[in-house]
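Undergrad: Fold the following, please.
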Amino acid sequence: MLLSNQKYKSGDIISIKISNGDEIVAKFSEETSTGFMIVKPMIVVTTQKGVALMPALFTAVPGDNTISFNHIMLHGPSEEQIKTYYISQTTGIQTIPKSNIII
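TA: Residues are numbered from 1 along each chain as shown. From the prediction side, this is the model:
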């Protein structure tokens with residue numbers, strides 16, 4: 001098990017590598033003594049067009065899901081492009097990329 005001093009805030013989008021090799025992107029809710037509470041977990045899949053996200057749980061009631069520390073190999077904050085893609089896939093909201101020009 002990877003131990004980390006990394007602390008996430010509720011609402012952070014994080015990437016988690018689990019022991020079966022899957023990578024999950026999810027919204028962090030809270031840390032418990034046994035694992036992370038996450039919302040809307042999505043599995044990273046590769047396609048001919050690149051990386052895509054697929055729901056990890058098709059039939060679960062929406063809300064917090066627990067992922068045990070026993071199954072987490074690595075975790076960290078998701079990179080900006082994945083955060084944007086995750087938000088668009090889970091909410092339908094398209095974010096506008098940051099610009100270098102101030103209007």
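
Undergrad: For this protein, give me the ranges with low pLDDT.
TA: Scanning the chain for pLDDT under 70 picks out 1-6, 96-103.

Undergrad: redo that, cut-off 80
TA: Residue ranges of the chain with pLDDT under 80: 1-6, 94-103.

Undergrad: Quick one: the strands in it, in order.
TA: Here the chain has its strands, by DSSP state E, at 13-18, 23-31, 35-47, 50-55, 64-68, 72-77.

Undergrad: any idea how far residue 32 is from residue 77?
TA: Distance from residue 32 to residue 77, counting by C-beta to C-beta, to the nearest Å: 19 Å. The way it works is simple: take the backbone N, C-alpha and C, and place the C-beta from them, glycine included.

Undergrad: quick one: which of these two has more around it?
TA: Comparing residue 32 with residue 77 by neighbour count (other C-beta atoms under 10 Å), the higher total belongs to residue 77, at 14 against 11.

Undergrad: Contact partners for that one?
TA: Residue 77 makes contact with 6, 8, 12-15 under the criterion C-beta atoms under 8 Å, 6 or more residues apart in numbering.

Undergrad: of those, buried ones?
TA: 8, 13-15 (16 or more other C-beta atoms under 10 Å).

Undergrad: Closest one of these to residue 54?
TA: residue 15 (14.6 Å; C-beta to C-beta).

Undergrad: Look up the closest residue to that closest one, ignoring the ones flanking it.
TA: Nearest non-adjacent residue to residue 15, counting by C-beta to C-beta, 6 or more residues apart in numbering: residue 78, 4.6 Å away.

Undergrad: I appreciate the help and will end here.
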